[in-house]
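K.L.:
kindly generate the corresponding structure for this input.
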Amino acid sequence: MSKTLSLNELQTRLQANPGIVLLEALPEKYYQDWHLPGAKHMPHDAVGALAPTLISDKSSEVVVYCASNTCQNSHIAARVLTQLGYSNVAVYAGGKEEWHDAGLPAQRN
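P.N.:
Here you go, the predicted structure:
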């Protein structure tokens, strides 16, 4: 099981390490609506194909999120990343719902 981060932990890590690879594991339409600032799109069912191009260093700090704490896409994506050899993967379990509810900024395409 992947390590999970709270909202406060995610914010602290983003401030401490601007190089974090932040990944949204939802389908394209949800990513296009809005996403966490700086996040890249990596649907949970395309991790194997996209990971090598989105994350060049397997030791990079990676945080995956999806819609909410009941959504499993981020956990699926994190599990596949770990199986592919990525060693520093965490899940932001609160996802977009918690981020939005906290009034934090969103990035829109």
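K.L.:
contacting residues for the residue nearest to the spatial centre of the chain?
P.N.:
For the chain, Val64 is the residue whose C-alpha lies nearest the centre (Cα atoms, centre = their mean; 2.1 Å). Applying Cβ atoms under 8 Å, 6 or more residues apart in numbering to Val64 gives the contacts 2, 23-25, 42, 74, 77-78, 81, 89-92. The C-beta positions use only the backbone N, C-alpha and C, and glycine is treated the same way.
K.L.:
so which of those residues belong to strands?
P.N.:
23-24, 89-92 (DSSP state E).
K.L.:
give me the below-cutoff pLDDT ranges for this structure.
P.N.:
1 (pLDDT under 70).
K.L.:
which stretches in it count as helices?
P.N.:
In the chain, the helices defined using DSSP state H lie at 7-16, 28-33, 47-54, 73-83, 95-101.
K.L.:
what's the most distant pair in the contacts of Val64?
P.N.:
Greatest spatial distance among the contacts of Val64 (Cβ to Cβ): Ser2 and Glu24, at 15.5 Å.
K.L.:
ok, those two, which is more surrounded?
P.N.:
Glu24 (27 against 19; other Cβ atoms under 10 Å).
K.L.:
looks like the more buried one contacts Pro37 (just checking).
P.N.:
No - between Glu24 and Pro37 there is no contact under Cβ atoms under 8 Å: 11.3 Å.
K.L.:
which residues does Leu5 contact?
P.N.:
Residues near Leu5 by Cβ under 8 Å, 6+ apart: 13, 63, 90-93.
K.L.:
kind regards, and thank you for your time.
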